[in-house]
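Peer 1: Here is a sequence together with a model predicted from it:
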Amino acid sequence: MPAHPNAVTAFTDALLTARRTGVPLDPAGCTLPTDLATAMAVQAAVTEQLGAPIGGWKIGVSPDGTPIAAPIYRDRIWDNGAKLVMPGIGRLGIEVEVGLRLAADLPPRPSRPYTRDEVLAAIGALFVGVEPVESRYGEPLKGGFVAFLADNMANHGYVTGPPVTSWRDLDLATLRCTLEIDGKRIHDKLGGHAAGDPLIWLVGYAANQTQGLGGLKAGQVITTGSFNGMPWLEHPGHVKAGLGGLGEVAFDVVTG
């Protein structure tokens, strides 16, 4: 069960203040959420207060292996070639990920977990995506994992590459991942996703959706976890990323 509603409200207000002012929240000065259910309740409350339509989901797992997710707001999903404004904290984490767009709903089904093939059948296209990361604490895990989850897993938004429909013969665990910043290659490696198969967390989460924000819907973008860790971009610049077989995506980060 989530913590007392007052605890959800207090932490929601603190996160909203950090979002609106650009001043990082100091977790040491707050009563932090202590369980996954409370973190999800804070996500929902922040989303409601922002009035932000959901365009997709960041999927992952907790340290104990529980499937989790965080919303990506529709107005923060950008196309290839976009210009992003550097946030107030002055830096962005850069994660290169397999992204996908759902062609069909995946309703919660806790009594009968989805198979991987069932999840694949709901996917319309895959693409290379980049998740820019912006923690409302300044550092994503400064307040611990549950606070990180409450903060939409430090999501800043998502940049989508061109859709690829002929992806089913690709070995998604061994895609070559590249990342360039201002023309300098800083990452070039085969594979690198923490789970090996980048779709496995989505398969686990689909049956046991716990965020209470409408669930996994056709047309939404899903991102599945980093192939390259999370290097920081600490200045405006040009970012280009690739995943073998899925193409490339590029964008610029500019001053506000």
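Peer 2: Perfect, thanks for sending it.
Peer 1: Could you use CA atoms for every contact and neighbour count after this?
Peer 2: Noted.
Peer 1: quick one: contacts of the helix or strand that contains C177?
Peer 2: Taking DSSP states H and E as the criterion, C177 maps to strand 176-181. Residues from elsewhere that reach strand 176-181, judged by CA atoms under 8 Å, 6 or more residues apart in numbering: 96, 185-192, 227-228, 237-244.
Peer 1: Swap in 6 Å and give it another go.
Peer 2: Strand 176-181 has contacts (CA atoms under 6 Å, 6 or more residues apart in numbering) with 185-191, 238-244.
Peer 1: swap in stretch 99-119?
Peer 2: With contact meaning CA under 6 Å, 6+ apart, stretch 99-119 is reached by 122-129, 203, 207-209, 216-223.
Peer 1: can you check stretch 7-20 too?
Peer 2: Stretch 7-20 is contacted from outside by 24-25, 42, 46, using CA under 6 Å, 6+ apart.
Peer 1: try stretch 159-173
Peer 2: Outside stretch 159-173, the residues within contact range by CA under 6 Å, 6+ apart are 77-80, 125-130, 191, 196-197, 249.
Peer 1: For the residue nearest to the spatial centre of the chain, which residues count as its bridge partners?
Peer 2: The centroid of the chain falls nearest to K58 when counting by CA atoms, centre = their mean (3.2 Å). Beta bridges link K58 to A70, T223, judged by DSSP bridges.
Peer 1: repeat for G99
Peer 2: G99 has these beta-bridge partners by DSSP bridges: F127, T223.
Peer 1: how close does R20 get to V46?
Peer 2: Separation of R20 from V46 (CA to CA, to the nearest Å): 12 Å.
Peer 1: Between those two, which is the more surrounded one?
Peer 2: V46 (24 against 10; other CA atoms under 10 Å).
Peer 1: can I assume that one sits in a strand?
Peer 2: No. Read with DSSP: H, G, I helix; E, B strand; the rest coil, V46 is helix and lies in no strand.
Peer 1: picking up where we left off before, between R20 and V46, what contacts are shared?
Peer 2: Counting by CA under 6 Å, 6+ apart, no residue touches both R20 and V46.
Peer 1: For the stretch 51-200 of the chain, just list every one of the helices.
Peer 2: Using DSSP state H, counting those that start in this stretch, the helices of the stretch 51-200 of the chain run over 116-121, 145-150, 200-207.
Peer 1: Give me whichever of the ones you listed is most buried.
Peer 2: Comparing those by mean neighbour count (mean count of other CA atoms under 10 Å), helix 145-150 comes out on top with a mean of 24.
Peer 1: So which elements touch it?
Peer 2: On a contact count with 3 or more CA pairs under 6 Å, 6 or more residues apart in numbering; DSSP states H and E, helix 145-150 meets helix 36-50.
Peer 1: buried sites along the helix it packs on?
Peer 2: Under the neighbour-count criterion of 16 or more other CA atoms under 10 Å, helix 36-50 has 36-47 buried.
Peer 1: if we can go back for a sec, neighbour count and pLDDT for the contacts of stretch 159-173 - can I get that in a markdown table?
Peer 2: Output for the contacts of stretch 159-173, formatted as a markdown table (neighbours: other CA atoms under 10 Å; pLDDT from 0 to 100):
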| residue | neighbour count | pLDDT |
| --- | --- | --- |
| I77 | 18 | 98 |
| W78 | 18 | 98 |
| D79 | 16 | 98 |
| N80 | 18 | 98 |
| A125 | 19 | 98 |
| L126 | 24 | 98 |
| F127 | 25 | 98 |
| V128 | 28 | 98 |
| G129 | 33 | 98 |
| V130 | 32 | 98 |
| G191 | 21 | 98 |
| G196 | 13 | 97 |
| D197 | 16 | 96 |
| V249 | 24 | 98 |
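Peer 1: Since that was my last question, I'll sign off now.
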